[in-house]
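Q: Turn this into a model:
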Amino acid sequence: MLNISNNNPITENIEQFSTVKNLSHRPHYKILNKIILGVSLLGVIILFLPWTQNISGSGAVTTLKPGQRPQTIHTAIAGRIEKWYVKEGDFVNKGDTILFISETKEDYLDPDLVKNTENQMKAKEMARVSYGDKVTTLDSQIEAIKRERNLKLEQARNKIRQAILKVTSDSIDLIAVKTQLKIATTQNNRSITLNSEGLKAVTDLEEKRLKLQDAEAKIITQENKLLTSKNELINAKVEINRISAEYNEKEQKARSDQYTALSNQYDTEAQVNKLKNQYTNYQIRNGMYYIKAPQSGYVNRALQSGIGETIKEGTQIVSIMPSKYDIAVETYVTPTDLPLVHKGEKVRVWFDGWPTIVFSGWPGMSYGTFGGKIVAVENFISDNGKFRVLIAPDEDEAQWPKQVSIGSGAQTLALLDNVPVWFELWRTLNGFPPNYYQPKESSQKEKK
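A: You can find the predicted model right below:
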C-alpha cells in the first residue's frame with residue numbers, strides 16, 4: 001500500500017476507549033452470550049441424539065383383497081335396457097337384480113327357443129336309443145346266424161362222412177363183383193373145356209355163360225354206384241364250402257348293418273350333446289337378461305342410463321363399492337428406496353383430513369399416526385415411475401379410523417435404521433441414501 005497521506009493507521013488497543021469499556025460492561029450482552037452458549041451446547045447435544053431414518057411415500061387408501069375393491073358390473077351379452085331396479089346410492093345384497101335387458105340378436109329372438117331346443121334334444125335322444133336297440137338286435141341276429149351256420153356245417157360234415165362210408169361200401173362191393181366175375185369166367189372156361197370133352201352138357205355150359213354175363217352186368221352197375229358215391233362225396237364237400245360262404249355273407253351283411261347303426265348312434269349322440277350344450281347355453285343366456293349384484297355393496301354410479309338404449313357385450317353398467325372390506329394403504333417408493341423396503345416391516349401412516357403432528361425422525365413423538373405393516377411389494381415399476389407397496393394395519397397397535405374412505409389420500413413413513421442426528425444431516429447434505437440393511441429374520445436365514 002502506497003503512503004501518500006500523512007494520516008497514520010490507529011495502532012492503539014480499542015479497549016482503552018471509554019465507550020468500548022461501557023459497552024462491554026453492560027449486563028444484557030452477558031445474558032446474550034450465555035444464551036448463545038446454551039443454544040450451541042443444546043445444538044451439539046441434539047446432534048448426538050438418535051434419529052430414525054425413514055422413507056416417505058404418498059398414496060391412497062384401498063382394500064387389502066382385490067375382491068373387496070370398487071368394481072364395475074359388465075353385461076355378458078348384448079341387449080336393450082328395459083328396466084332399472086336400483087338407483088345410485090342404494091344398498092344391494094348379493095344376487096339382487098340391478099337391471100333387466102331384452103334380446104337384440106336375431107338368433108335368440110324366438111320366445112320358445114329353450115323349449116324348442118329341449119324338444120329337439122329329446123327327439124335326438126330317442127333316435128339315439130333306437131339306434132342302440134338296433135345295434136343290440138343286429139348283435140342277436142349275428143349270434144343266430146353263427147349258430148345256424150354251425151348247425152349247417154355240422155350237417156354237411158355228416159353228409160361228407162356218409163358219402164365217404166358209401167364210397168367205401170361201394171368200393172368193397174365192386175371188389176366182390178369183380179371176384180364173382182373172375183369166378184364166373186373161370187367156371188365158364190371150365191364148362192367149355194368139359195363140354196368139348198363131352199363131360200358137360202350144353203345146358204350146364206349155357207348156365208355158366210348166363211352167370212358170366214350176369215357178373216359182367218353187375219360189375220358195370222357197381223362201378224356206376226361207386227362213381228355216384230364219389231360224386232355225392234364231392235357234392236357234400238362243395239356244399240360245406242357253399243354253406244360257409246353263404247353264412248359268412250349273411251354275417252358280414254349283419255355286421256355292416258350293425259356298424260352303420262353304431263355310426264348313426266355315435267353321430268346322434270354327438271348331436272344330442274351339441275343340443276344339450278345349446279340348451280344349457282340358452283338357459284344361461286336367459287338368466288343373463290337380469291343383471292345381478294355379484295356381492296353386497298352400495299351402487300356408486302350408473303354408467304348407463306335411459307330405457308331402450310342398446311348396449312354391447314362387455315359394456316360397463318354400474319359401479320359398486322362392497323360393504324365389507326379390509327382397509328389398506330397403497331403407497332409408492334422410488335427405485336432407489338426399493339431395496340430398503342421389505343415385507344413385514346413397520347410403517348407409520350397418517351391420513352388426509354385427520355389431525356396429525358409428524359416428527360419423521362422421532363416417530364414416538366408423532367401424534368395422529370397409525371401403525372402399519374408391509375404385506376406386498378410390487379416387483380414391476382408403475383406408470384408413475386415408482387414401485388407400489390401395499391400396507392395393512394398393524395394388529396399390535398391401535399385400529400385405523402373407520403371414518404377413512406376408500407380412495408382418500410395417505411402419507412407413509414417406512415422406519416429404517418437408527419443413526420445420530422449429525423450423521424443424518426451429513427447424509428442429507430451429501431445426497432447419500434439411507435443405510436442399506438437387511439431385516440434380522442432374513443439375515444438369520446442367510447446365516448443358516
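Q: lowest average confidence, helix or strand, in this structure?
A: Least confident helix or strand of the chain, by mean pLDDT, DSSP states H and E, is helix 440-447 with a mean of 49.
Q: what's the spacing between residue 392 and residue 405?
A: Distance, residue 392 to residue 405, using C-beta to C-beta, to the nearest Å: 17 Å. All C-beta spots, glycine's among them, are computed from the backbone N, C-alpha and C.
Q: Same question for residue 75.
A: Distance of residue 75 to residue 405, computed by C-beta to C-beta: 28 Å.
Q: More neighbours: which of these two?
A: Using other C-beta atoms under 10 Å as the criterion, residue 75 and residue 405 rank with residue 75 on top: 20 against 11.
Q: mind checking the backbone torsions on that one?
A: Note on residue 75: its backbone torsions stand at phi -90, psi 130 [degrees, to the nearest 10].
Q: Contacts only, for the closest residue to it other than its chain neighbours.
A: Leaving out its chain neighbours, the residue that sits closest to residue 75 by C-beta to C-beta, 6 or more residues apart in numbering is residue 315, at 5.3 Å. By C-beta atoms under 8 Å, 6 or more residues apart in numbering, residue 315 lies in contact with 74, 75, 304.
Q: While we're on residue 315, how confident is the model there?
A: At residue 315, the pLDDT value in this model is 88.
Q: cool, residue 389 as well?
A: Note for residue 389: predicted pLDDT of 90.
Q: Thought residue 372 was touching it, still the case?
A: No - assessed by C-beta atoms under 8 Å, residue 389 is found out of contact with residue 372, at 10.1 Å.
Q: Mutual contacts of these two, please.
A: Between them, residue 389 and residue 372 share these contacting residues under C-beta under 8 Å, 6+ apart: residue 412.
Q: Name the helix or strand for residue 156, please.
A: Using DSSP states H and E, residue 156 sits in helix 113-196.
Q: Count the residues that sit near residue 281.
A: Counted with other C-beta under 10 Å, the neighbours of residue 281 add up to 13.
Q: helices or strands next to the helix or strand containing it in the packing?
A: Assigned by DSSP H and E, residue 281 falls within helix 202-287. In terms of contacts (3 or more C-beta pairs under 8 Å, 6 or more residues apart in numbering; DSSP states H and E), helix 202-287 is packed against helix 113-196.
Q: What is the neighbour count of residue 61?
A: A count of nearby residues for residue 61, using other C-beta under 10 Å, gives 19.
Q: Which parts of the stretch 251-400 of the chain are helices?
A: In the stretch 251-400 of the chain, no segments count as helices under DSSP state H, counting those that start in this stretch.
Q: tell me, how many neighbours does residue 336 end up with?
A: Residue neighbour count, defined by other C-beta under 10 Å, stands at 10 for residue 336.
Q: tell me the contacts of the closest residue to residue 180 other than its chain neighbours?
A: Of all residues not flanking residue 180 in the chain, residue 215 sits nearest, at 4.8 Å (C-beta to C-beta, 6+ apart). Shown in contact with residue 215 (C-beta under 8 Å, 6+ apart): 177, 180, 181, 183, 184, 185.
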